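>>> below is the structure, and that's it, no one-letter string:
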């Protein structure tokens, strides 16, 4: 998993509430178990018409936001089913941070496990960042995980809270496998001891 330390990128505004995981990545794209290749189908039913043509008015189809790395979203983002493909699709598109007033719990947890930083802020602060994001190509935010701050294009700073353990994992690029591998010496010592005690196993 790539480390998340400080991210400076274009922020795309998506002021919709209750964006569920089927909107993020529709069910027909869940056949794969690969984490790559889903970005093209992110928000598929909002990005494309019935013939597969881009819908120009959708935010991520607008030239200013095609390379967005931050999403400023509405309340209850990631609700619905627990599909992990949702953060996979966001990450494959290039989104490394989602800012919203609230998230669905499973989606929130899945983001951390896949290198995406979900940030919960009060509605009034999300509104300020949404206003910044609506500036198009000038909608650049800097998210500093170490200092737990978000800096806007005008220099204003907002602080955010994040669980210390999850922060440690993101800063060091540790997913569940990475966390296990940190204990590899202890695991190998246990296995060696077990093999000597029970050689028939």
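Perfect, I can see it now. Values in this document were obtained by computation on a predicted structure and should not be read as measured data.
>>> for residue 199, give its distance to residue 192.
Plainly put, residue 199 is 12 Å away from residue 192 if you go by Cβ to Cβ, to the nearest Å. Glycine gets a C-beta too; all of them are placed from N, C-alpha and C.
>>> of those two, who's got more company?
Between residue 199 and residue 192, counted using other Cβ atoms under 10 Å, residue 192 has the larger neighbour count: 10 against 7.
>>> hang on, the more buried one in a helix?
Yes. Counting by DSSP: H, G, I helix; E, B strand; the rest coil, residue 192 is part of a helix.
>>> any idea how far it is from residue 28?
Relative to residue 28, and taking Cβ to Cβ, residue 192 is found at 48 Å.
>>> burial of the nearest residue to residue 167 once chain neighbours are set aside, as a residue count?
Nearest residue to residue 167 in three dimensions, chain neighbours excluded: residue 145, at 6.4 Å (Cβ to Cβ, 6 or more residues apart in numbering). For residue 145, the tally of surrounding residues (other Cβ under 10 Å) stands at 20.
>>> same check, this time on residue 16
14.
>>> now do it against residue 147, distance only.
Residue 16 is 30 Å from residue 147, by Cβ to Cβ.
>>> cool, and residue 138?
23 Å.
>>> and residue 95, by the same measure?
For residue 95, the distance to residue 147 - Cβ to Cβ - is 21 Å.
>>> if you count surrounding residues, which of the two has more?
Neighbour count, other Cβ under 10 Å: between residue 95 and residue 147, residue 95 has more, with 21 against 11.
>>> name the element the more buried one belongs to?
Following DSSP states H and E, there is no helix or strand that holds residue 95.
>>> can you tell me which residue sits nearest the middle of the protein?
The structure's the chain has its C-alpha centroid closest to residue 116; by Cα atoms, centre = their mean the separation is 3.2 Å.
>>> just give the nearest non-adjacent residue to it, would you?
Nearest to residue 116 is residue 87, by Cβ to Cβ, 6+ apart, at 5.3 Å.
>>> and the one you found, what is it in contact with?
Shown in contact with residue 87 (Cβ atoms under 8 Å, 6 or more residues apart in numbering): 107, 110-111, 113-114, 116.
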